[in-house]
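**Student:** Any chance you can model this:
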Amino acid sequence: MIVLIERGLEIIKRDLEKRGYKIFFIDENKSADVIVYNGEKFPSLALIDDTIHPMLTKKHKNSKGALLINGKKKNADEIIEIMKKGSYSPLFE
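**Tutor:** All right, here's what the predicted structure looks like:
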């Protein structure tokens, strides 16, 4: 599973990498299964456009897109649990 993470969440990035996840920063323009942002504001679509666009091409027609996770006030364990479920529970915090 490839995860993009917003700068400022380096502690979560480090903890996820220790657990074997491939983690890149959002501005590195990689395709990803999960995007974790800091919750202060949603990351600019300009930053993630190169990530989302390839998922919409015919080459990725079976892709379900990327799961967006608000990483504010969450630790790596909580992020992993959300990734395993594929959604938040409850949906709105």
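
**Student:** quick one: the helices in the chain?
**Tutor:** Taking DSSP state H as the criterion, the chain carries its helices at 10-18, 45-55, 76-85.

**Student:** Confidence-wise, which of these is weakest overall?
**Tutor:** Ranked on mean pLDDT, the bottom entry among those is helix 45-55, at a mean of 49.

**Student:** What's opposite Ile2 in the beta bridge?
**Tutor:** In this structure, Ile2 has the following beta-bridge partners (DSSP bridges): Lys22.

**Student:** Might you report the residue contacts of it?
**Tutor:** Ile2 makes contact with 21-22, 24, 30-34 under the criterion CB atoms under 8 Å, 6 or more residues apart in numbering. Yep, even glycine has a C-beta here, placed from its N, CA and C like the rest.

**Student:** which of the residues you listed lies closest to Ile69?
**Tutor:** Val34 (6.2 Å; CB to CB).

**Student:** Could I get the contacting residues of the closest one?
**Tutor:** Val34 touches 1-4, 66-69, 83, counting by CB under 8 Å, 6+ apart.

**Student:** Of those residues - the most surrounded one?
**Tutor:** With neighbours defined as other CB atoms under 10 Å, the most crowded of those is Leu4; it has 27 neighbours.

**Student:** Would you mind confirming that it is in contact with Val36?
**Tutor:** Yes - the pair formed by Leu4 and Val36 meets the contact definition of CB atoms under 8 Å, at 7.1 Å.

**Student:** Out of the contacts of Ile2, give me the two with the largest separation.
**Tutor:** Spanning the widest gap among these are Tyr21 and Ser31, at 14.6 Å by CB to CB.

**Student:** Mind checking which of the two has more residues around it?
**Tutor:** Set Tyr21 next to Ser31 and count neighbours by other CB under 10 Å: Tyr21 wins out with 19 against 16.

**Student:** Give me the spatial nearest neighbour of that one, chain neighbours excluded.
**Tutor:** On the basis of CB to CB, 6 or more residues apart in numbering, the spatially nearest residue to Tyr21 that is not a chain neighbour turns out to be Val3, at 5.4 Å.

**Student:** The one you found contacts Lys30, doesn't it?
**Tutor:** No - taking CB under 8 Å as the contact criterion, Val3 and Lys30 are not neighbours in contact, 9.5 Å apart.
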